[in-house]
Each structure stands twice: as C-alpha cells, then as structure tokens.
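**Q** My questions concern the predicted model and sequence given below.
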Amino acid sequence: MPPPLDTRRICGPEESFPVVPDPSTAPTATVLRDGGTSRHDNRSLDAVRPMFLQCGTVSQASGSAYLELGSTKLLCSVHGPRDTVRRREFQLTGQVNAEVKFAPYASPRRRGHQADREETEMSRVLTQAAAAAVMLEKFPKAKVDIYVMVLEDGGGVLAAAITAASLALADAGIDCLDMMAAVSVGFDDADTCLVDTSTAEEEGIAADRRWSSLTMAVMPGSGEVVALQQRGRTGDDRYSAAIKVAGEACMRVNQAQRSTLTAAVLETAEATTAAAPATT
Amino acid sequence: MTDIQEFIVNVGTVGTSDGSSLVRLGGTCVLCGIKAELASPPVNQQSQGSLVANVNLSALSSPLFRPGPPNEEAQSLSQWLHDVCNESALLDMEQLCIAPGKLCWVLYADITCLNYDGSLPQACLAALVAALKNLRLPTIEIAEDSQRITPSQERSVTLKLQCVPVAVSFALLNDEKVVCCPSGEEENVSAAVITVATCDEERLCS
C-alpha cells in the first residue's frame, strides 16, 4: 500500500523501490570473515573503532557534540533547561526528553521522515538513561531536550548516541551525577566477544542464531548501569562475561569523552582570558 | 558589507548515500544527502525521472524548532528549491530515464539543517547542487525475458548539470544598509531579507 500523501513535503511518485543488488550473487552475512578468524575491518576483538569527538558543534544549541565512530556519524544537541511547551507536560521535577532520528540517507535503505519503531525504541532508551544521569532536581518545572541526528549508520548507533548525548549534556553545563559511556558488544555461545560492532558484524549477528548482541551504558565513576539492551538467545554465563567486557570497553570510551571535554574547556578558558582586558 | 562569510563545501560526506555534500556558511551548517530509487515514470512524462528535494529544519539546529512535521519555513524553503530547480532547468530529467515508460530514477534529496544561523536558502541550494555533482549511480540492466533488474557493481553514472544556480541572501538593516549573507542575528533585526538565485548566464531564476 503506498504511504499516505504528505501534504507538507514535496512528494515523489507514489511507489518507488530501492536498488538492491542481486541476492543470489551477494555474499551471505557473516560475523567474522576468513572462517571465523578475523573481523571485517581487521581490528582485535576488544578494540573500539577510531573515535572522533567534538564539543560545541552547533552554536545555536545550549550544548552539542559530534561523534564519529568508524563510519557511524551522528550529531547531538541539547536545548535547555527551558520551559515546557504544553501545560499537560508540566511537572514539579525537571524532565528530560530525548529523540533519536536517522536522516533519510543514513542507512543503505532510505528511511521515512516519520519516526519508525527502531527510532522510537532508541529514543526511549536514551531518555531513560539520561533521566538517570541528569540531576533533575536542579531544574524543577523545566525540561531539557536532547536531539540526536544520525547522519550515517555504520553500526553501534545506540551506544554512540548515548555517548554523544552525555558529552553534549556536559557541554551544555547541565548538572549530572556522572557522564555516560556506552558500547555495543557481540558475543557467541563459545568464547568470542566482539567490542563495538560495525554494520557488517551486526548483520552477521542477526543472521546467526549462535550470536547475540548487547548495548550497555554505564556511569564510569560508580560503575552503575544506566542502559542495557540485549538481543538473541544466550546463557547466563555468556551474558555475564559480555557485560564484563562491555564495562571495560565503556571505561576506554569514557577516556576519549574526558579528553575531548577537557580540551574544549581549556580552549574556552583561553579564549575568555584572551578576550578579557588585562588588569594590572 | 559585501563580504561573504566563510563558505566551505565538502562532498562525499555520507557513505550510505548515493551523493552527499556538507556546506558551512558562517555559522550555518547544512548537509544534503541523495538517495536514488527506481520507479515507473509518470504517465505524462514517460521518459523523464524526477528530483524530490525537501528541507528538514531539524530540532537540533535551533531552539526555535520542534520535532515533528516541517514548519512553515521548512515548507516554503522546500517549495523555493523546487521552483529554482524547475526554473533554472538545472537537471535534464531525461538523464534519469532508464527505460522509457517503464523505469526511471527518482532522486530523493534531503537537506538537513545542522546549525541554523541565517542565509538558509543560499546554503541549501549550494548543498543540493554540490550533492548532485557528487552523485554516483550504478548502471541498470533489465533482462529482456524476466524483466529482472540488475544493478552494476560499479557506480559510474554521473549527472550532467545544465547550469549551476547560485543564490545569495541580502538583508536590509536600518532601512539603509544592505548586508550580504546575513547571520541569524542580522536576519532577526533586519527589516527585510531577499534571496536572489541566478543561473550561469546572469539570468534570474528566483
């Protein structure tokens, strides 16, 4: 059935379909290549992809962060604390609202403009994680909005969104109990745990029943878990092992967050000192 | 007054799209991504494809915007871009036809505003043109008997633009000074903002 006519946008033809390579010639998705010996991008099993983080990218927002993790690119901005728009949202304590949106060109298959189930689920997880980390009592009756726009999906999007959101909250100067660092992990029913799964690995995990995936976000100071999402059938012992591996990886992600934030703060401090008139 | 702000264009920014570009104009930052899909051509234009450009003024780019359907400004920007593309005959739509009457390309160009700081029409048009130039499409083969569609492995088809429309915004301040490429603050205090788009031969197209 063709999608309903959107009167607020320029619409294309009623039905169009994406260009899909011939399924009979496409290789089957595998988690590891070369018979299960190496990862698709030649990383070691516990290596996180090269990460680029930057604060203050969006000048119009209270705080923002841009994150690149391998080929995953996303931008997060935080607005607030600001007044709640609708009266029925009014609450005596502060509120946090997060939205994750994929740009239509972010995935190999074009996405629609309205939020689909995956985006809604990610938004919910991010909202709950942020609500746990942010000190809501510091801004009663006000709201903080976190918007994440995924520009390119290269795998590990939810983890990257949580990491970027935490950095953006810190950039906005919103009081938090601690930062949040998140990572995605793929694990099988034997001994293998892959840290920071890419799209190729995620597709392989989805296709192979022996593999499961886990996304975990922690507050590094206390080690408390703020978000945990697991997919796939697995046993207790493997699940605990994966959580442990994820926790260690989150600490490494947090190092990158801290160094970015420190650099940004130092830069702002230098700029303010340079701009201020010299006093004798 | 006539100085243009720092204008940076990067192409090929997004790997998952078929063509993309990032434009920075002062504080304003705009990303255009094009996804190409296949469709049947419309009945009245059997050998032409189509270009569908939409502007998304995302909630992250400014506290003025809320998530949800496009607001008035986004809708009018999308319509303006559509008009500029038509009036300037930017793209010969017959290039997008694969098999007349049966199959054509539909280019969905989505322009996402990442930071809203004035001169939006200028940045959006530049991003769209740059992304179209960056576009790489596969060659499509249609099997005669089964009508099965097979794309080629390589993406070697590029589009030829018939002209390169350029837009510049001007703001009128204090009823006397005209400023080129206004920032968000300047637009807010100006009496009027006008955007002019021209093609190569100095013809106005919007």
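**A** Everything's here; your move.

**Q** does residue A:219 have beta-bridge partners, and which?
**A** Beta-bridge partners for residue A:219, by DSSP bridges, are residue A:224.

**Q** Hmm, it is touching residue A:177, no?
**A** Yes: the pair residue A:219 / residue A:177 is scored as a contact, 6.5 Å apart, by CB atoms under 8 Å. In short, each C-beta sits where N, CA and C put it, glycine included.

**Q** Looking at these two now, which is surrounded by more residues?
**A** Using other CB atoms under 10 Å in any protein chain shown, the more surrounded residue of residue A:219 and residue A:177 is residue A:219, with 21 against 14.

**Q** returning to what we had before: mutual contacts of residue A:219 and residue A:177, please.
**A** Counting by CB atoms under 8 Å, 6 or more residues apart in numbering or on different chains, the contacts common to residue A:219 and residue A:177 are A:132-133.

**Q** how many other residues sit next to residue A:151?
**A** Residue A:151: 24 neighbours (other CB under 10 Å).

**Q** is it true that it lies in a helix?
**A** No: counting by DSSP: H, G, I helix; E, B strand; the rest coil, residue A:151 is not part of a helix but strand.

**Q** So residue B:197 lies in a strand, does it not?
**A** Yes: assessed by three-state DSSP, residue B:197 belongs to a strand.

**Q** all strands for the chain, in order.
**A** Defaulting to chain A. A:17-18, A:51-55, A:63-69, A:72-83, A:95-102, A:142-152, A:181-188, A:193-195, A:211-219, A:224-231 (DSSP state E).

**Q** wait, chain B
**A** Going by DSSP E, chain B shows strands at B:7-11, B:19-25, B:28-39, B:50-57, B:97-99, B:103-115, B:140-142, B:149-151, B:166-173, B:177-180, B:192-198.

**Q** So which of those is nearest chain A?
**A** Chain A sits nearest to strand B:28-39 of all the strands of chain B, at 2.9 Å, using CB to the nearest CB.

**Q** just to revisit the earlier point, with mean pLDDT as extra columns, can I get the strands of chain A in a markdown table?
**A** Shown next, in a markdown table, are these (pLDDT from 0 to 100):
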| stretch | mean pLDDT |
| --- | --- |
| strand A:17-18 | 84 |
| strand A:51-55 | 94 |
| strand A:63-69 | 95 |
| strand A:72-83 | 92 |
| strand A:95-102 | 94 |
| strand A:142-152 | 94 |
| strand A:181-188 | 94 |
| strand A:193-195 | 91 |
| strand A:211-219 | 94 |
| strand A:224-231 | 93 |
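
**Q** Can you say which of the ones you listed is packed in most?
**A** For those, the largest average neighbour count (mean count of other CB atoms under 10 Å in any protein chain shown) is found in strand A:181-188, namely a mean of 27.

**Q** Dump it to CSV, keeping only the CA atoms.
**A** The C-alpha trace of strand A:181-188 is given here as CSV (Å, rounded to 0.1, in the frame of the first residue of the first chain):
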residue,chain,number,x,y,z
ALA,A,181,29.7,5.9,28.3
ALA,A,182,28.2,3.2,26.1
VAL,A,183,29.4,0.5,23.9
SER,A,184,27.9,-2.3,21.8
VAL,A,185,29.2,-5.9,22.1
GLY,A,186,28.5,-9.0,20.1
PHE,A,187,29.1,-12.4,21.7
ASP,A,188,28.6,-16.0,20.7
